[in-house]
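Colleague: for reference, the sequence and a predicted model appear below.
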Amino acid sequence: MMTFSKTRLAAALFALAACLPLGASAGILDDNEARKAILDLRAKVDNLAREVNARIDTKSDKHAALESLNRHEQTLQTIAELRGQIEVLANEVANTQRRQKDLYADLDARIRKIEPRQVTIDGQESSVAPSEQQSYEAAMGLFKTGDYAGAASALSLFVRRYPDSPYAANAQYWSGNAYYAQGDYKNAITAQQALGVAYKDSPQAADAMLNIADSYTQLKDKKNAKKTLQTLVSRYPGTSAAQTAKDRLVTLK
């Protein structure tokens, strides 16, 4: 490491030059020659000092440039590391967002499976659970395909499971029809009577009583058939079922 300043170095060089053979020959030189020799020597010292200073400056510049280059490389390395960390974080964020999106989609699908939906039943808007609707439609599907035994069982099970469902009255009515279609008139009467008790305000109640009368007729029980038709006319006047009941009462006389 350099400890001398440029000024002190130049002074040292001048002192060194003063010790050269000029002192030995001073006695044989006149004043003009001595001054010329001193000037020449000073010129040599100045040149030497400039050369030394240039070398020092060059070394200093190189050292500073090297340090600057090292700092620059360290900065680039740090930037590269930060970019790598940013890419990792960005990838983690993208994966998290993708997982959240999938989670929300799955959650939305699950909510839709259990969230009540609006349906129109006998002209009225009602709210039913998806599982409730699917169960009713599956039971009615059995009836429509002619599987009356399976339909009667499925519809009766539906009423027990969902007694307060907007579909319950219809399920009770169609279970009676399923029994009737099998020729099981006693269970048909029981099913339709249950409708008149639990869901007497149902639009199906009048038709249920008509089916009860038909079942009694099939069982050759004209007395109860006639009584049922008379009750139907008085309880649900003005309905198409009541008009049909009046027509059948004429034939039962």
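Modeller: That came through, no problem.

Colleague: does Gln192 touch Ala206 like I think?
Modeller: No: using Cβ atoms under 8 Å, Gln192 makes no contact with Ala206, being 10.8 Å away. Backbone N, C-alpha and C define where each C-beta goes, glycine included.

Colleague: these two: which is more packed in?
Modeller: Set Gln192 next to Ala206 and count neighbours by other Cβ atoms under 10 Å: Gln192 wins out with 28 against 22.

Colleague: element containing that one, please.
Modeller: Remark: Gln192 resides in helix 185-198, with elements defined by DSSP states H and E.

Colleague: against which helices or strands is that helix packed?
Modeller: helix 148-161, helix 168-181, helix 205-218 (3 or more Cβ pairs under 8 Å, 6 or more residues apart in numbering; DSSP states H and E).

Colleague: make a markdown table out of those helices and add distance to Glu73 and mean pLDDT.
Modeller: Listed next are the helices and strands packed on helix 185-198 as a markdown table, based on distance: least, Cβ to Cβ, whole Å; pLDDT from 0 to 100:
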| stretch | distance to Glu73 | mean pLDDT |
| --- | --- | --- |
| helix 148-161 | 76 | 96 |
| helix 168-181 | 81 | 97 |
| helix 205-218 | 92 | 96 |
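
Colleague: can you redo those helices as a markdown table with distance to Asn187?
Modeller: Listed next are the helices and strands packed on helix 185-198 as a markdown table, based on distance: least, Cβ to Cβ, whole Å:
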| stretch | distance to Asn187 |
| --- | --- |
| helix 148-161 | 7 |
| helix 168-181 | 4 |
| helix 205-218 | 9 |
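
Colleague: where exactly do the strands run in the protein?
Modeller: Secondary structure of the chain by DSSP state E: the strands cover 117-121, 124-128.

Colleague: and of the ones you listed, who's closest to Asn211?
Modeller: Closest approach to Asn211 among the strands of the chain is made by strand 117-121 (19.7 Å; Cβ to Cβ).

Colleague: quick one: work out the angle between that closest one and helix 168-181.
Modeller: 50 degrees (axes from the mean of the first three to the mean of the last three Cα atoms, to 10 degrees).

Colleague: show me what strand 117-121 is packed against.
Modeller: Helices and strands touching strand 117-121, by 3+ Cβ pairs under 8 Å, 6+ apart, are strand 124-128, helix 130-144.
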